[in-house]
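Student: how does the following fold in three dimensions:
(one chain, ligands or ions: 1)
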Amino acid sequence: MKINALKKIVRKIFLKYKLSKEHTSICVDAVINAELVGAPSHGMSRLKMYCDRISKKVINPKAKIKIKKISRSIAHIDANNSIGFVAADIAIKTAIGNAKKTGIGLVAVKNSGHYGLSGYYAEQAVKKGLIAMVFTNAPPAVAPHGALKSLFGTNPICFATPTGSKVPFILDTSISMINRGKIRVAAREGRKIPEGVALDKLGKPTTDPKKALEGVQLPIAGFRGSGLAWMVDILSGVLTGGDHAGRVKDPFTDFSGPQNIGHLFFVIKPSLFVGNSFNKRIKENIKIIKKLPKIKGIKKILYPGENKFNRFKNNLKKEISISKTVLKDLEELLAH
Ligand SMILES: NC(=O)c1ccc[n+]([C@@H]2O[C@H](COP(=O)([O-])OP(=O)(O)OC[C@H]3O[C@@H](n4cnc5c(N)ncnc54)[C@H](O)[C@@H]3O)[C@@H](O)[C@H]2O)c1
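Tutor: Presented below is the predicted three-dimensional model:
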């Protein structure tokens, strides 16, 4: 489907579900961006979930988001159970504004929901010449090292920096072997998942996405990944006032209340310690790494974010492909 045609449909749906025009625009851009960067598991495939949560009154389409100023650098946002995209958009813009004024912007968000891709917000800071770190927790999916039960979310870690070129460095990675969205899409479309990424509920390795969703996902790098997931739960849940320790609700299956996810946005001026030489220094850093001898089969050493940047550029010229399942969702959402 053509990008603009799809945007119109998504806009119509969010407006129908009572989001304001301003909030609708924020959500449309975030959902379409996920498709364009090649992350459909965080794009159109979640639209029905957001709308179902609005219908069941566990996302507040008319949220009154409160921003409490703690200092010129720091703010605390109560998202009032808004859709996560909107709370995150306000938070990153506040953090960017504070960092421009003081060198550092730190914004914590509580009572929020699923906000899609961390890198989408970090990129906003990079476009203003700033460094960003973005954290969010998520519903239980990954078992802590040594535990038999999922508790951590796939809790992405995101770090982004200007590079002195038009392609930003954006490391944006789940701490699980595979992100949960990909497992959900595989389950909906009847496809297998790779080996070594999940266990079924009895603790046996599985490539069946449905069994993986009932069981546990495996963290990256064993206890190290488990430790990183825990760190993200502390930074985005314990520190912010959001839910934590496995209490964030699954957006697809648990309608018993709002998700109460927490996010943390940390934005830094790159000139803080090295003045104007940051650009020269980061360019040199990347150049040295890219020039290293390569292992067989690798033509180019990429830095995180390069692949997504190229996908986005190419996808802008194409139509967005929509699966049959998502088309059915769209028909349903437009009909009722
Ligand atoms: N909101 C949530 O609850 C939630 C939870 C989990 C994940 N997510 C989002 O899902 C998205 C996908 O996560 P993911 O873990 O599947 O990401 P991924 O595995 O596709 O990529 C992880 C990182 O590795 C980099 N990368 C990939 N190939 C590379 C290469 N050849 N050389 C160098 N770097 C390379 C990417 O640029 C990216 O920064 C992220 O944007 C994340 O924020 C959101």
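
Student: what segments of the chain are helices?
Tutor: Assigned by DSSP state H, the helices in the chain fall at 3-16, 21-36, 47-55, 84-102, 118-127, 180-189, 209-214, 223-233, 271-274, 278-290, 306-315, 324-335.

Student: name the helices or strands packed onto the fifth one?
Tutor: Same thing as helix 118-127. helix 21-36, helix 84-102, strand 131-136, strand 157-161, strand 169-173 (3 or more Cβ pairs under 8 Å, 6 or more residues apart in numbering; DSSP states H and E). C-beta: built from backbone N, CA, C; applies to glycine.

Student: out of those, which is closest to the ligand?
Tutor: Distance to the ligand, taken as Cβ to the nearest ligand atom, is lowest for strand 169-173 among these, at 3.7 Å.

Student: residues touching that closest one, excluding its own?
Tutor: Strand 169-173 is contacted from outside by 117-119, 122-123, 126, 156-163, 220, 282, 286, 303-305, 308, using Cβ atoms under 8 Å, 6 or more residues apart in numbering.

Student: name the nearest residue to V167, ignoring sequence neighbours.
Tutor: F309 (4.7 Å; Cβ to Cβ, 6 or more residues apart in numbering).

Student: again, but for E195
Tutor: Leaving out its chain neighbours, E195 is closest to T207 (Cβ to Cβ, 6+ apart), at 5.7 Å.

Student: run a quick neighbour tally on the one you found.
Tutor: 15 (other Cβ atoms under 10 Å).

Student: that one touches A187, doesn't it?
Tutor: No. T207 is beyond contact range of A187, at 11.7 Å (criterion: Cβ atoms under 8 Å).

Student: quick one: contacts for the residue nearest in space to the middle of the chain?
Tutor: The centroid of the chain falls nearest to L117 when counting by Cα atoms, centre = their mean (2.4 Å). L117 is in contact with A30, N33, A34, V37, A39, H42, D172, counting by Cβ under 8 Å, 6+ apart.

Student: check the gap between the nearest residue to the fifth one once chain neighbours are set aside and the ligand for me.
Tutor: Meaning A39. Ranked by Cβ to Cβ, 6+ apart and with sequence neighbours excluded, the top spatial neighbour of A39 is L117, at 5.8 Å. Per Cβ to the nearest ligand atom, to the nearest Å, L117 is found 4 Å from the ligand.

Student: most tightly surrounded among the helices and strands packed on helix 118-127?
Tutor: Counting by mean count of other Cβ atoms under 10 Å, strand 131-136 has the highest mean neighbour count of the helices and strands packed on helix 118-127, with a mean of 26.

Student: who touches it?
Tutor: Here strand 131-136 has contacts from 84, 88, 92, 95, 115, 118-119, 121-122, 124-126, 155-162, 232, 235-236, 261-270, using Cβ under 8 Å, 6+ apart.

Student: do it and the ligand meet?
Tutor: Yes. Using Cβ under 6 Å from any ligand atom, strand 131-136 reaches the ligand at T136.

Student: quick check: residues of the chain near the ligand?
Tutor: 39, 42, 114-119, 136, 138, 153-154, 156, 158, 170-174, 179, 302, 304-305, 307-308.

Student: please pick the buried ones from those residues.
Tutor: 39, 42, 114-119, 136, 138, 153-154, 156, 158, 170-174, 179, 304-305, 308 (16 or more other Cβ atoms under 10 Å).

Student: give me the low-pLDDT residue ranges for the stretch 101-250 of the chain?
Tutor: By pLDDT under 70, the stretch 101-250 of the chain has no low-scoring segment.

Student: 90 - rerun?
Tutor: 146-149, 179-181, 189, 202-203 (pLDDT under 90).

Student: what about K317, how many neighbours?
Tutor: Considering only other Cβ under 10 Å, K317 is surrounded by 7 other residues.

Student: now K299
Tutor: K299, neighbours per other Cβ under 10 Å, totals 6.

Student: state the distance from it to K290.
Tutor: Using Cβ to Cβ, to the nearest Å, we find K299 at a distance of 11 Å from K290.

Student: how far away is the nearest residue to K66 once chain neighbours are set aside from L213?
Tutor: The spatial neighbour of K66 that comes closest, neighbours along the chain excluded (Cβ to Cβ, 6+ apart), is D78 at 4.5 Å. From D78 across to L213, the span is 31 Å (Cβ to Cβ).
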